[in-house]
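In: pasted the sequence and its predicted model underneath.
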Amino acid sequence: QVQLVESGGGLVQAGGSLRLSCAASGLTFSSSPMGWFRQAPGKERAFVAAISRSGNYTDYADSLKGRFTISRDNAKNTVYLQMNILQPEDTAVYYCVAGRPLGPMPSRELLYISRGQGTQVTVSS
């Protein structure tokens, strides 16, 4: 079955950076659009970023454009999320998601078919 394993989370000071990784297995990675969601304490899970199968197209939550960058390496079956100028409001559990093979980028909950266990990102002020 599909496995998505996130890594790279941790504690960082405001203004710092982190890069999350998501190693995927059990799917044809190059056929799968990928994405990231996050869930802050007491809030619903929210879209962060998505990337097409080839990596040529990306989509971001409006509030995160310019600070977050999603990328992928199809040779390594891995998707990344580079997060810069982190703020305390970025504190959340970050989840890697896989979209339907040959389907649209997973920019909404209904558009992904698998989700990882998540990695905690905590930004201190």
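Out: Thanks, I have it. Residues are numbered from 1 along each chain as shown.

In: if I look at the residue positioned nearest the centre of the chain, how far off is Leu11?
Out: Nearest to the mean C-alpha position of the chain, by CA atoms, centre = their mean, lies Trp36 at 2.3 Å. For Trp36, the distance to Leu11 equals 19 Å [CB to CB, to the nearest Å]. Yep, even glycine has a C-beta here, placed from its N, CA and C like the rest.

In: same thing with Ser124?
Out: Ser124 sits at a distance of 7 Å from Leu11 (criterion: CB to CB).

In: so which strand or helix has the residue nearest to the centre of the chain?
Out: strand 34-39 (DSSP states H and E).

In: buried residues in that strand?
Out: By neighbour count with 16 or more other CB atoms under 10 Å, strand 34-39 contains the buried residues 34-38.

In: repeat for stretch 76-88
Out: In stretch 76-88, counting by 16+ other CB under 10 Å, buried: 77-81, 83, 86.

In: swap in stretch 97-111?
Out: For stretch 97-111, burial by neighbour count (16+ other CB under 10 Å) applies to 97-99, 105-107, 111.

In: let me see the ranges of the strands in the chain.
Out: Counting by DSSP state E, the segments of the chain that form strands are 3-7, 10-13, 18-25, 34-39, 46-51, 58-60, 68-73, 78-83, 92-99, 112-115, 119-124.

In: just the CA coordinates for the fifth one, please, in PDB.
Out: What it means is strand 46-51. Provided in PDB are the C-alpha atoms of strand 46-51 (Å, rounded to 0.1, in the frame of the first residue of the first chain):
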ATOM      1  CA  ALA A  46      -5.400  23.400   5.600                       C
ATOM      2  CA  PHE A  47      -3.800  23.300   2.200                       C
ATOM      3  CA  VAL A  48      -0.200  24.400   2.000                       C
ATOM      4  CA  ALA A  49       1.200  23.500  -1.400                       C
ATOM      5  CA  ALA A  50       0.900  21.100  -4.300                       C
ATOM      6  CA  ILE A  51       3.100  20.100  -7.200                       C
END
